[in-house]
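Undergrad: pasting a predicted model and its sequence here:
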Amino acid sequence: MLERSPVRGELVEIADTWRQVQALRSYPPAVSTVLGEMMAAAALLSANLKFHGSIIMQIHGDGPVQLLVVECDASLRLRGTVKLRENAEVADDASLEQLVNQQGEGRFAITLDPADKLPGQQAYQGIVSLDGDSVAAIIENYMMRSEQLDTRLWLAADHHIARGLLLQKLPDEDGTTTTPEAHPDADAWNRSLTLASTVSREELLSTDIMTLLQRLYWEESVRVFEPRHPSFYCSCSREKVGNMLKMLGKEEVDSAIADLGGLDIGCDFCGQQYAFDAVDCAQLFTSEAISDAVQLPGSQQH
Ligand SMILES: [Zn+2]
């Protein structure tokens, strides 16, 4: 936080976790960049929202990228995956628009899924059009519209690292706009934006976040909090895959078993395989009614 000013910021660096996400499959470079930037953004927003639970960000694309999903929980545990359309060809320098919004049909969704849901409580989901030519711009627009928070992001990712910087203008305690009386240093917001805007993508990719913080804000009095550490985690389980099969219905599952002899379902996030044979599937439909079968968007692809 900048002392005595209505500005807070966050910096994130995702290295090992990002490598783990990419270890499962290799994405075209342009796709990998978008996924890495989304992971950095999810970590920044997750630490930023006054909310205990998971944040799931999805892009439903109309181009080569059909679906991109990133999930981050309250402990900064992340996972992410991209589903490309069949035979999709992606140029190395493809723009975000070319990847996901060629006909303007792309959609961006943020789901907030509380950690301790009350019975019957649903996750909150907001879906908007893909308004912006970068991941940062799309999220900035979303935050302005849904949270009424002036938020700016700088994101960069390559195959090795994903980094991000977030700045947010804090409202006064009573929620009204910032007044000079409430904050003697009302210019701090513009000043911190100007400083952050000097950071190039190359600099963000090549500079560790503490160096970056010092380089940008050495003239400001910055209060730095204890860092937290992102990690890779996949919440898939045999039970969730079973619930997904139950939702498909007995008829469809029986027909698939008849065709294939058994079902081998792989998790798109972590690669874990779940095998269900005819006996397993029969058991699914004889056990009690569907328990907790609420499907998160992020787990639909199991
Ligand atoms: Zn998994």
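TA: Thanks, I have it. Numbering: from 1, shown residues only.
Undergrad: next one: the lowest-mean-pLDDT helix or strand in the chain to chain centre, how far?
TA: Here the helix or strand of the chain ranked lowest by mean pLDDT, DSSP states H and E is strand 124-129, holding a mean of 86. On the basis of Cα atoms, centre = their mean, to the nearest Å, strand 124-129 sits 13 Å off its chain's mean C-alpha point.
Undergrad: which neighbouring elements make contact with it?
TA: Here strand 124-129 touches strand 107-114, helix 135-147, going by 3 or more Cβ pairs under 8 Å, 6 or more residues apart in numbering; DSSP states H and E. Bear in mind the C-beta positions are built from the backbone N, C-alpha and C, glycine included.
Undergrad: residues of the shortest one that come out buried?
TA: Looking back up the chat, that one is strand 107-114. 108-113 (16 or more other Cβ atoms under 10 Å).
Undergrad: quick one: which of the helices and strands packed on strand 124-129 is nearest Leu195?
TA: Closest of the helices and strands packed on strand 124-129 to Leu195 is helix 135-147, at 16.3 Å (criterion: Cβ to Cβ).
Undergrad: if you drop the residues flanking it in sequence, what lies closest to Val82?
TA: Among residues not flanking Val82 along the chain, Leu68 sits closest, at 4.8 Å (Cβ to Cβ, 6 or more residues apart in numbering).
Undergrad: give the pairing partners of the helix or strand containing the one you found; include direction for each.
TA: Using DSSP states H and E, Leu68 maps to strand 65-72. Using DSSP bridges, the strands paired with strand 65-72 are strand 53-60 (antiparallel), strand 77-84 (antiparallel).
Undergrad: how about those strands in CSV, adding mean neighbour count and distance to the ion?
TA: What follows is these, written out as CSV (neighbours: other Cβ atoms under 10 Å; distance: least, Cβ to the ion, whole Å):
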stretch, mean neighbour count, distance to the ion
strand 53-60, 22, 14
strand 77-84, 22, 7
